[in-house]
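Student: What would the 3D arrangement of this be:
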Amino acid sequence: MFEQHGIPAVSIVTEPFRRTCAAMARSRGLPDFRFLDMPHPIANLAEEMLQRRAEAIAPQVVELLLRGQG
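Tutor: Next up is the predicted model:
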C-alpha cells in the first residue's frame, strides 16, 4: 500500500510465504512488486541469530528502497 502512495517500501518474507506474497501483490495491482527472502523459520530464533539475519539482508533493503519498486 505504501508503494501505491509513492512511499518506497520493502517486504521481507520467508521462503514458504513467497507465493502468497506474490499473489497478494498481484491482487493489489502490483504484479512486479519485489520482495526479499529470509531463510525460514524465524519465529523460534534467538534474538542474536535474528539480528544476524537482519544485518545480512539490510544492504538489499536499502538498495530496494533507494531504487523504488517502479
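
Student: Where does the closest residue to residue 25 other than its chain neighbours sit, in terms of helix or strand?
Tutor: In space, and not counting its chain neighbours, residue 25 is closest to residue 33: 3.7 Å by C-beta to C-beta, 6 or more residues apart in numbering. (C-beta placed from N, C-alpha, C; glycine too.) Residue 33 belongs to no helix or strand when assigned by DSSP states H and E.

Student: What ranges does this structure have for its helices?
Tutor: 18-27, 47-67 (DSSP state H).

Student: Show me which residues of the shortest one are buried.
Tutor: Of the residues in helix 18-27, those buried by neighbour count under the rule 16 or more other C-beta atoms under 10 Å are 21, 22, 25.

Student: for stretch 56-64, same thing?
Tutor: 57, 64.

Student: hey, C-alpha coordinates of that stretch in PDB?
Tutor: Provided in PDB are the C-alpha atoms of stretch 56-64 (Å, rounded to 0.1, in the frame of the first residue of the first chain):
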ATOM      1  CA  ALA A  56      22.800  -9.700   6.300                       C
ATOM      2  CA  ILE A  57      19.700  -8.600   4.400                       C
ATOM      3  CA  ALA A  58      20.000  -4.900   5.300                       C
ATOM      4  CA  PRO A  59      22.000  -3.900   2.200                       C
ATOM      5  CA  GLN A  60      19.400  -5.400  -0.100                       C
ATOM      6  CA  VAL A  61      16.600  -3.500   1.800                       C
ATOM      7  CA  VAL A  62      18.500  -0.200   1.300                       C
ATOM      8  CA  GLU A  63      19.100  -0.900  -2.300                       C
ATOM      9  CA  LEU A  64      15.400  -1.600  -3.000                       C
END
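
Student: okay, and for this protein, where does confidence drop off?
Tutor: 68-70 (pLDDT under 70).

Student: and residue 29, what does it touch?
Tutor: residue 4 (C-beta atoms under 8 Å, 6 or more residues apart in numbering).
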